[in-house]
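**Q** next input, structure requested:
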Amino acid sequence: MHAGLYFVRQGGGLLVLGGYWNLSLGADHNTYLADLLPVRIAGYKQLLQDKQGLALQAAKPGIFDRVDWRGPLQAFTVDVSPLQEGAEVLVTAGGKPAVVARPYGQGRVLVVLMNPHG
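**A** Coordinates of the predicted model:
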């Protein structure tokens, strides 16, 4: 078993920063990360892009309470790979999941699906 899988399964946490060159545009589907992620990398370049920016907002009350969501918080690219069973959307960008979490064993994996670059 890969050390990363073991770490999370035993109660550790893992933060995966997606962005433009990861997830469906990269090769994460060919690694042990594919088993951990709260998204299923089903194809190549499953991206939503908007040069004007996709507005960010918390998916439900109580998430990221200290963030001032009134500002021009936005992403320009979001990986739209489908969610795995048990995934929880924490933040959306343009109505699409942008920050997603899922339990794995006794641990938790959080993935950021957005890219702040235009």
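**Q** with only the CA atoms kept, save stretch 75-87 in PDB.
**A** This file holds the C-alpha atoms of stretch 75-87, laid out as PDB (Å, rounded to 0.1, in the frame of the first residue of the first chain):
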ATOM      1  CA  ALA A  75     -11.900  31.500 -10.500                       C
ATOM      2  CA  PHE A  76     -11.200  31.400 -14.200                       C
ATOM      3  CA  THR A  77     -10.900  27.600 -14.700                       C
ATOM      4  CA  VAL A  78     -12.700  24.800 -12.900                       C
ATOM      5  CA  ASP A  79     -12.200  21.100 -13.400                       C
ATOM      6  CA  VAL A  80     -15.700  19.600 -13.700                       C
ATOM      7  CA  SER A  81     -14.800  15.900 -13.200                       C
ATOM      8  CA  PRO A  82     -17.800  14.100 -11.600                       C
ATOM      9  CA  LEU A  83     -18.000  13.700  -7.900                       C
ATOM     10  CA  GLN A  84     -17.300  10.400  -6.100                       C
ATOM     11  CA  GLU A  85     -20.000   8.900  -3.900                       C
ATOM     12  CA  GLY A  86     -19.800  10.600  -0.400                       C
ATOM     13  CA  ALA A  87     -18.200  13.800  -1.700                       C
END
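**Q** and the longest helix anywhere in the chain, which residues are buried?
**A** If each helix of the chain is counted by residues according to DSSP state H, the longest one is helix 3-9. Of the residues in helix 3-9, those scored as buried under the neighbour-count criterion (16 or more other C-beta atoms under 10 Å) are 4-5, 7-8. Any C-beta I mention is one placed from the backbone N, CA and C, and that applies to glycine too.
**Q** go through those residues and say which is closest to Leu83.
**A** Val8 (17.8 Å; C-beta to C-beta).
**Q** give me every residue that touches the closest one.
**A** 14, 36, 104-105, 107-109 (C-beta atoms under 8 Å, 6 or more residues apart in numbering).
**Q** tell me the pLDDT at Pro116?
**A** Pro116 carries a pLDDT score of 62 in this model.
**Q** please apply the same query to His2.
**A** At His2, the model reports a pLDDT of 80.
**Q** need the contact list for it.
**A** When contacts are taken as C-beta under 8 Å, 6+ apart, His2 is in contact with Tyr32.
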